[in-house]
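Trainee: Following is a predicted model, sequence given first.
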Amino acid sequence: MTDLTLLLDRRLMRARKDTMPRQRRLYELLRQAILDGRLLAGTALPASRVLAQDLGLARNSVIHAYEQLAAEGYVQTSRQGTIVAALPSRPKPPASSAQPEVPVGAMLSSRVQSFNRRRTPEQDLLPFMPGIPALDAFPVRTWRRLLQGVWSDPDPALLSYRPALGEPELRQAIATYVRTARGVVCEVEQVIVTGGTQDSLDLCAHALADPGQRVWIEHPGYGGARVAMQAAGLRVVPVPVDDQGLAPAGALWRRQPPRLIYTTPSHQYPLGSVLPLARRLALIEQARTAGAWILEDDYDSEFRHDGPPLAAMQGLVPQAPVIYLGTFSKSMFPALRLGFMVVPAALVDRLQGVLGDLVRRGQSAEQVALAAFINEGHFTQHLRKMRPLYAQRQAALREALARHWTWPGEVLGGACGLHLALTLPDDVPDVLAAEAALKKGLSPRPFSVYGMGGEPRNGLVIGYANTPAEQMDARVRQLVKAVNAGLAR
Ligand SMILES: Cc1ncc(COP(=O)(O)O)c(C=O)c1O
């Protein structure tokens, strides 16, 4: 037996309980030995018959392993046999201190970054996670029927590459909906279907700005927007939010003029303020003068609890420099991954050219089914059912907070949407409170994760939409207990 067969034999034997087939295991072991230099270039591997005998394997298994190694360039075969090939020297792994910086999120403290990194999809299902609609209230049967309808006899064209701007019937349905429900002024050509707002933000960051240009983002604000903009190489300028929403100081327009302005005017995320008309008009006017595009993220205003929804900024003045961003993540369900942009007519041609190359839009069946869901009235009906449900859940949360919350603080927002914001005193750090809550299976988010580099704010964002009203009291009591336990540690 050669050294090689001894090594392989032991390791193959050890792997007896392994589910990996022997032939694959042999290939992996040889490949690893070549890569880490235990088998040097020029070494002749044993003949397949000999190795098979030594290891008690079928000869074919050895031949297949050798063939795979030869196909990938680790060995060369000739009449002389199977010889280990000379590989170019492998780059050394960097010392841990030399890891390149990841620019996205660099403005968050390391504790907040670490809290963010530990987020899992399971946490999204816990009580108090913001932004999750009532998943059990979605009309699954209707949705399934519509999807089955699309798949029962699909036009083969539906399986091909589809229009980058979205399925025509969905674009039409969205145009009709946003015109009537959101006061958006548009033709169907201006509607672009996307894979949700995150995708819309990504496309805007790449298509409407050059790396190095500035984007203003509300502070505190939506982390998804920050990450999309930073990933496209844009410079994030935090713009403070007051109790009426985005509040840029006059000098900021001169000192740090933006190319893009990201804002949530109908329901500031996460603090919940509503941008008044005068500020909306001023923002549009100043953006026009500065040559900036406003990204109006209208993520949850279908659920207005104190009157009819406010009209979108987009339709306030003719040809406003506004890109309206809508999503079906809250009004339908997040895993659908469909949203849309309504872009100014002047941008349609330019974006069409870029998106044609940049985007391979899929989900054609879901898009067609969604168009039917809207056109047949199910969408409006679903929203009509969800509004009172969410209002009831919010009221239950407010009552429970009033009964059990022991720290001084203010409840912010709630005019619409799926969450409330709760300020915390300085001696109750929000990340500590959120970590303590998580340990008890609750998932409010700390204000700190919405920081954009401006003055830190301290508080919790509490989602209520996916928690039944009758559970709210018990959940808030658990939260209070968890935070107390976190503080005592
Ligand atoms: C402010 C804001 N915008 C948009 C979205 C929705 O993003 P998407 O459509 O990518 O799911 C969310 C979701 O949480 C959000 O909080």
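Mentor: That came through, no problem.

Trainee: measure the residue nearest the centre of the chain to R304 for me?
Mentor: For the chain, the residue nearest the mean C-alpha position is Q198 (5.8 Å; Cα atoms, centre = their mean). Separation of Q198 from R304 (Cβ to Cβ, to the nearest Å) stands at 23 Å. C-betas here are computed from N, CA, C, even on glycine.

Trainee: L355 sits in which helix or strand?
Mentor: helix 345-358 (DSSP states H and E).

Trainee: Kindly spell out which helices and strands sit in contact with that helix.
Mentor: helix 197-208 (3 or more Cβ pairs under 8 Å, 6 or more residues apart in numbering; DSSP states H and E).

Trainee: Next, the angle helix 345-358 makes with the helix it packs on.
Mentor: 100 degrees (axes from the mean of the first three to the mean of the last three Cα atoms, to 10 degrees).

Trainee: Which SSE is immediately downstream of helix 197-208?
Mentor: Counting by DSSP H and E, what follows helix 197-208 is strand 214-219.

Trainee: so where do the helices sit in the stretch 201-350 of the chain?
Mentor: 223-231, 250-255, 277-290, 345-358 (DSSP state H, counting those that start in this stretch).

Trainee: ok now do P127, which residues does it touch?
Mentor: P127 is in contact with 441-443, 466-467, 471, 475, counting by Cβ atoms under 8 Å, 6 or more residues apart in numbering.

Trainee: try 7 Å
Mentor: Going by Cβ atoms under 7 Å, 6 or more residues apart in numbering, P127 touches 442-443, 467, 475.

Trainee: Which of those fall within helices?
Mentor: Among the contacts of P127, DSSP state H puts R475 in helices.

Trainee: Adding pLDDT and neighbour count, write the contacts of P127 out as JSON lines.
Mentor: Below are the contacts of P127 laid out as JSON lines (pLDDT from 0 to 100; neighbours: other Cβ atoms under 10 Å):
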{"residue": "L442", "pLDDT": "97", "neighbour count": "22"}
{"residue": "S443", "pLDDT": "97", "neighbour count": "22"}
{"residue": "T467", "pLDDT": "96", "neighbour count": "22"}
{"residue": "R475", "pLDDT": "98", "neighbour count": "24"}
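
Trainee: now, which of the contacts of P127 sits nearest the ligand?
Mentor: S443 (12.9 Å; Cβ to the nearest ligand atom).

Trainee: The closest one touches M129, doesn't it?
Mentor: Yes: contact criterion Cβ atoms under 7 Å: S443 and M129 qualify, at 4.1 Å.

Trainee: can you list residues touching both of these two?
Mentor: Q123.

Trainee: what are the bridge partners for A44, then?
Mentor: Beta-bridge partners recorded for A44 (DSSP bridges): I83.

Trainee: Determine the longest helix present in the protein.
Mentor: The chain, longest helix under DSSP H: helix 378-404.

Trainee: what's the following helix or strand after the strand or helix carrying G149?
Mentor: Using DSSP H and E, G149 sits within helix 140-152. Using DSSP H and E, the helix or strand that follows helix 140-152 in sequence is helix 168-182.

Trainee: So what touches that following helix?
Mentor: 165, 184, 186, 188, 191, 193, 298, 309, 311-312, 326, 340, 342, 367-368, 370-371, 374-375.

Trainee: if we go to 8 Å?
Mentor: 165, 184-188, 190-193, 298, 301-302, 309, 311-312, 314-315, 324, 326, 340, 342, 367-368, 370-372, 374-375, 379.

Trainee: Of those residues, keep whichever come out buried.
Mentor: 165, 184-186, 190-193, 298, 301-302, 309, 311-312, 314-315, 324, 326, 340, 342, 367-368, 370-372, 374, 379 (16 or more other Cβ atoms under 10 Å).

Trainee: How far away from the center of its chain is stretch 140-149?
Mentor: 26 Å (Cα atoms, centre = their mean, to the nearest Å).

Trainee: Buried ones in that stretch, by neighbour count?
Mentor: Applying 16+ other Cβ under 10 Å to stretch 140-149 flags 142-143, 146-147 as buried.

Trainee: Nearest to F447 among the residues you listed?
Mentor: W143 (35.0 Å; Cβ to Cβ).

Trainee: Provide a list of residues in contact with the closest residue to V75 other than its chain neighbours.
Mentor: Leaving aside its chain neighbours, V75 sits nearest to L69 (4.6 Å; criterion: Cβ to Cβ, 6 or more residues apart in numbering). Neighbouring residues of L69 by Cβ under 8 Å, 6+ apart: 27, 30-31, 34, 75, 82.

Trainee: Out of those residues, flag the one nearest to the ligand.
Mentor: R31 (40.1 Å).

Trainee: who does the helix or strand containing the closest one touch, helix- and strand-wise?
Mentor: According to DSSP H and E, R31 maps onto helix 22-35. Secondary-structure packing of helix 22-35 (3+ Cβ pairs under 8 Å, 6+ apart): helix 3-14, helix 59-71.

Trainee: mean pLDDT for these: which is lowest?
Mentor: Of all the helices and strands packed on helix 22-35, mean pLDDT reaches its minimum on helix 3-14 (a mean of 66).

Trainee: Next, the contact list for V431, please.
Mentor: 111-112, 115, 446, 448.

Trainee: Spatially nearest residue to it (excluding sequence neighbours)?
Mentor: Per Cβ to Cβ, 6+ apart, closest to V431 is P446, 4.8 Å.

Trainee: Surely the one you found touches G459?
Mentor: Yes: look at P446 against G459 with Cβ atoms under 8 Å: they come within range, at 7.5 Å.

Trainee: Now list whatever residues contact both of those two.
Mentor: With Cβ under 8 Å, 6+ apart as the test, P446 and G459 both reach D430.

Trainee: got the residues of this protein near the ligand?
Mentor: 131, 196-198, 222, 264, 269, 297, 299, 327, 329, 334, 339 (Cβ under 6 Å from any ligand atom).

Trainee: And the buried ones among those, selectable in PyMOL?
Mentor: To isolate the buried ones among the residues of the chain next to the ligand in PyMOL, judged by 16+ other Cβ under 10 Å, type:
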select buried, resi 131+196+197+198+222+264+269+297+299+327+329+339
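
Trainee: which residues sit in contact with the one residue in the stretch 1-150 of the chain that gets nearest to the ligand?
Mentor: Closest approach of the stretch 1-150 of the chain to the ligand (Cβ to the nearest ligand atom) occurs at G131, with a separation of 3.3 Å. By Cβ under 8 Å, 6+ apart, the contact list for G131 reads 300, 329-330, 334, 418-419, 463.

Trainee: what's the spacing between stretch 157-167 and its chain's center?
Mentor: That offset, for stretch 157-167, works out to 23 Å (Cα atoms, centre = their mean).

Trainee: Which residues does that stretch contact?
Mentor: Contacts of stretch 157-167 (Cβ under 8 Å, 6+ apart): 150, 171, 191-194, 340, 352, 355-356, 358-362, 364-365, 367-368, 371.

Trainee: Try it again at 7 Å.
Mentor: 171, 192-193, 352, 355-356, 359-361, 364-365, 367-368, 371.

Trainee: and the two most separated of the residues you listed?
Mentor: Q352 and A365 (23.4 Å).

Trainee: Between those two, which is the more surrounded one?
Mentor: Set Q352 next to A365 and count neighbours by other Cβ atoms under 10 Å: A365 wins out with 18 against 15.

Trainee: Now name the helix or strand holding the more buried one.
Mentor: Going by DSSP H and E, A365 is part of helix 364-375.

Trainee: So which elements touch that helix?
Mentor: helix 140-152, helix 168-182 (3 or more Cβ pairs under 7 Å, 6 or more residues apart in numbering; DSSP states H and E).
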